[in-house]
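S.K.: Pasting the sequence and the predicted model now:
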Amino acid sequence: MRTIRAAATGAVVMSLALAATACGGGTSTDGEGSNKSPKTLTYWASNQGASIEVDKKVLQPELDKFEKQTGIKVKLEVVPWSDLLNRILTATTSGQGPDVLNIGNTWSASLQATGALLPWDEANFAKIGGRNRFVDSALGSTGAQGKDPAAVPLYSMAYALYYNKQIFADAGIAQPPVTWAELVADGKKIQAKGKQVLGAEGANVSENVHHVFVFAKQHGADFFTADGKPDFTSDGAVSAVKQYVDLMAKDKAIPPGNAEYAQNQSVSDFAKGKTAMLLWQTASANLKSQGMSEDKYGIAPVPVQSGTPGTGAQVNSMVAGINLAVFKNTDNLGGATQFVKFMTGDEEQKILNKAYSTIPPVASAQSDPGFNSPANAVLKDTLAKSAAALPQVADESQFETVIGTAVKELFADAAAGRAVTAESVKAKLAKAQQQMPTK
Amino acid sequence: MTITTEVEKPPARPGTGRAPRPRPGRIRRIGLPYLLLLPALILELLVHLVPMVIGIVMSFKELTQFYIRDWGTAPWSGLDNYRVSVDFDAPVGEALLHSFLVTVGFTLLSVGLCWLIGTAAAIFMQDTFRGRGLLRALFLVPYALPVYAAVITWVFMFQHDNGLVNHVLHDQLHLTDKPSFWLIGDNSFYALLTVSVWKGWPFAFLIVMAGLQNIPGELYEAAALDGAGMWQQIRRITLPSLGAVNQVLVLVLFLWTFNDFNTPFVLFGRAAPEAADLISVHIYQASFVTWNFGTGSAMSVLLLLFLLAVTGVYLAVTSRGRRASHAR
């Protein structure tokens, strides 16, 4: 009887442990795709709008238009951000992926390393009108340097400083801050009026990494050496991370409560008029859905250390955006390329980027008057002059996690009132670097 | 999950049995039970054993994003993944050990509290009183709720600025100097423990309640006649009678809690605070966030071996106890 019980328990233990052990099977998926099913395409779109339903409403009419033009039916699935990377990985492992998919542009080099995405060589680019149609900064986030891009840019975004006009007026501030010192000084006036200064998503790993990347650029530092090795503990990187966390720890500009924000609560705080400023990329649609009309806030470039935004140490945003990739083993290679051409065509670029309040990475579409509002002018200017792509290395995805988590922990320290020193920052960054793959 | 219970065949009594049925053919007699078991065996093989073997194979490979597309081609790394996992002086091993110790502490506390609360509630519910049915149904609510919905509600309640927990502890009861953080920093351990116990004790309640039904009422009546009070009845009758039920209950609770992934993942997201870095999320991070699938698999195998060892020791100890009590 004991044996039966032991066996039963053994089975229970195994099934539980397996939940962690099993990673799915692996099928060989060599080959450059085929045209076995030329009449259908599967498309995974990332969740861009306020909800998945909103995305379907935006995209479906365009997909119908594509079907009318080409006779190819596109099956759409909108995938939430939190699931997208894992879904892509699963598809990569099983070889059962969509034909065309959206990827976060910062993942380009990491996903390129898996070999699952179709490389965009000159011949493939020629099929969609050539490489020159795309803005340089957007092309910078499509894969590792020296390799054919793993995707083409679809929507571009950049960080900007959103500020509440009424709170600024009440505090007697005439202009949005241009430097961090001005932001901190303005913060004191804003706090005197009983308002919060700057919103942040302290527990959101990706947000954290975007901000400290920009601060690192402003300190003349990079998180990777020229040959792609992690270099997280340089003086510049430490100063950069410390300066960002100090906005909460020392300058008291970011409220301690924001240390646990990870679900866009800082956008809600801004929309409700609790916070005077927010560093965000394309927040307009989100703010509108929360009842804040466009005349209530202004948009300015993200502050720099001194002077005006530009290249080098004057960088004030990462190049944010979405790329469009083709799964290498697609059964409709011709159709997939046609679809990419359609989605990156001038007309669709204008429709889609307006719907998502993003900037077209296609230069000829940018001239549309719809993208000339003051808000868009700031974003366009930032993308053209003062935005830099996150490191395009195969370990980028891991870098986002470990650095983003280190900053999350530092924010937790700051919120709990523990000292955030150069040493504590360096220790966290050293630990993050040790977690990076060594091969 | 199913819990296998042992059903012993009652001994045949001479003279009471029915007339023997015609004996089926020898092959059919021997083959039929196996034939009936076959679908279950095939499913077990497909669902559990094959993925487990794949997982074990992966643990010996250098499996990163470069090979995930066709993981069979990933180079063999021998015991490297295991070496890295148990090198407690290096960052990966150190973090795994930390996570392991957090998980052990968390599991012991959570299982202990679940058992205590569940048993107390079941004993309390033994007496019939008005509204017992309703109360019993209410007790089972946490067990019946979808995990995601329940845990996300806790996330709202644990919020620093607007959460109910801080509102009660700080604003109303004035137990803390300032509102506490529950989802980041050291307190996250207690937040996790609270949700885990809230979610787990109704299962203990359910199982203990079922066990209590099997204790004959005469035992309590006799004990009462001998002057035994409530506490003595619980100590001398209830708890010893629940022995077998408790053994299964504690084991199942232990395994569930030790491997719980949903609660910490919904509560803290993919980067859990250090104080609440449970091993299941830690392995998920190693595998799916840092894309080090080989090391993640090695960690899973180590976890499996640990759980098998604990279960083995537990079963050996409890069955020895049982044998001893039978021998008395």
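M.R.: Nice, I can see it.
S.K.: Might you report the residue contacts of residue 237?
M.R.: All of this is about chain A. Residues in contact with A:Ala237, defined by Cβ atoms under 8 Å, 6 or more residues apart in numbering or on different chains, are A:Ala216, A:His219, A:Ala221, A:Asp222, A:Phe223, A:Asp231, A:Leu429. (Each C-beta comes from the backbone N, C-alpha and C, glycine too.)
S.K.: My question was about chain B, not that one.
M.R.: B:Ile215, B:Leu219, B:Tyr220, B:Ala223.
S.K.: Isn't the last one up against B:Ile234?
M.R.: No: applying Cβ atoms under 8 Å as the test, B:Ala223 and B:Ile234 come out as separate, 10.3 Å apart.
S.K.: In space, what's closest to A:Thr42 - neighbours in sequence excluded?
M.R.: A:Pro98 (4.0 Å; Cβ to Cβ, 6 or more residues apart in numbering or on different chains).
S.K.: For the contacts of B:Ile237, which two are the farthest from each other?
M.R.: The most widely separated members of the contacts of B:Ile237, counting by Cβ to Cβ, are B:Ile215 and B:Ala223 (11.1 Å).
S.K.: which SSE is A:Gly187 in?
M.R.: helix A:180-192 (DSSP states H and E).
S.K.: Output that helix in PDB, but only the C-alpha positions, please.
M.R.: Below are the C-alpha coordinates for helix A:180-192, written out as PDB (Å, rounded to 0.1, in the frame of the first residue of the first chain):
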ATOM      1  CA  TRP A 180      16.700  68.800 -14.800                       C
ATOM      2  CA  ALA A 181      17.800  71.500 -12.400                       C
ATOM      3  CA  GLU A 182      14.900  73.700 -13.600                       C
ATOM      4  CA  LEU A 183      12.500  70.800 -13.200                       C
ATOM      5  CA  VAL A 184      13.600  70.300  -9.600                       C
ATOM      6  CA  ALA A 185      13.300  74.000  -8.900                       C
ATOM      7  CA  ASP A 186       9.900  74.200 -10.500                       C
ATOM      8  CA  GLY A 187       9.000  71.100  -8.400                       C
ATOM      9  CA  LYS A 188       9.400  73.100  -5.200                       C
ATOM     10  CA  LYS A 189       7.000  75.700  -6.500                       C
ATOM     11  CA  ILE A 190       4.500  73.100  -7.500                       C
ATOM     12  CA  GLN A 191       4.800  71.300  -4.200                       C
ATOM     13  CA  ALA A 192       4.100  74.600  -2.400                       C
END
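S.K.: picking up where we left off before, now render the contacts of B:Ile237 as TSV, adding distance to A:Gly334.
M.R.: Shown next, in TSV, are those (distance: Cβ to Cβ, whole Å):
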residue	distance to A:Gly334
B:Ile215	74
B:Leu219	80
B:Tyr220	80
B:Ala223	84
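S.K.: what would these look like in CSV with secondary structure and pLDDT?
M.R.: Listed next are these as CSV, based on DSSP: H, G, I helix; E, B strand; the rest coil; pLDDT from 0 to 100:
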residue, secondary structure, pLDDT
B:Ile215, coil, 88
B:Leu219, helix, 87
B:Tyr220, helix, 87
B:Ala223, helix, 88
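S.K.: and chain A, which of the residues you listed contact it?
M.R.: By Cβ under 8 Å from any Cβ of the partner chain, no member of the contacts of B:Ile237 lies near chain A.
S.K.: ok, of those residues, which come out buried?
M.R.: By neighbour count, with 16 or more other Cβ atoms under 10 Å in any protein chain shown, the contacts of B:Ile237 hold B:Tyr220, B:Ala223 as buried.
S.K.: and of the contacts of B:Ile237, the nearest to chain A?
M.R.: Within those, the smallest distance to chain A is 21.8 Å, found for B:Ile215 (Cβ to the nearest Cβ).
S.K.: For B:Ala228, see how far away the residue nearest to the closest one when sequence neighbours are not counted is.
M.R.: Closest residue in space to B:Ile215, ignoring its immediate chain neighbours: B:Ser241 at 4.6 Å, by Cβ to Cβ, 6+ apart. With the distance defined as Cβ to Cβ, to the nearest Å, B:Ser241 ends up 14 Å from B:Ala228.
S.K.: need the residues of the stretch 201-350 of chain A near chain B, please.
M.R.: A:Gly202, A:Ala203, A:Val205, A:Pro256, A:Gly257, A:Ala259, A:Glu260, A:Ala262.
S.K.: Now, these that are in strands?
M.R.: Of those, none are assigned to strands by DSSP state E.
S.K.: quick one on the thing from earlier: could the contacts of A:Ala237 be laid out in TSV, adding secondary structure?
M.R.: Listed next are the contacts of A:Ala237 as TSV, based on DSSP: H, G, I helix; E, B strand; the rest coil:
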residue	secondary structure
A:Ala216	helix
A:His219	coil
A:Ala221	coil
A:Asp222	coil
A:Phe223	coil
A:Asp231	coil
A:Leu429	helix
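S.K.: Quick check: residues of the stretch 1-150 of chain B near chain A?
M.R.: Counting by Cβ under 8 Å from any Cβ, the stretch 1-150 of chain B sits next to chain A at B:1, B:3-4, B:6, B:44, B:48, B:51-52, B:54-56, B:58, B:62, B:64-66, B:68-72, B:90-92, B:95.
S.K.: Please repeat the previous calculation with a cut-off of 7 Å.
M.R.: By the rule Cβ under 7 Å from any Cβ of the partner chain, the part of the stretch 1-150 of chain B lying against chain A is B:1, B:4, B:6, B:48, B:51-52, B:54-55, B:58, B:62, B:64-66, B:68-72, B:91.
S.K.: Mind giving me the ChimeraX command for buried ones among those residues?
M.R.: In ChimeraX, a selection of the buried entries from the residues of the stretch 1-150 of chain B next to chain A looks like this (16+ other Cβ under 10 Å):
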select /B:48,51,52,54,55,58,62,64,65,66,68,69,70,71,91
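S.K.: got a list of what the residue in the stretch 151-300 of chain A positioned nearest to chain B touches?
M.R.: Here the stretch 151-300 of chain A gets closest to chain B at one residue, A:Gly257, 4.3 Å apart by Cβ to the nearest Cβ. A:Gly257 makes contact with B:His160, B:Asp161, according to Cβ atoms under 7 Å, 6 or more residues apart in numbering or on different chains.
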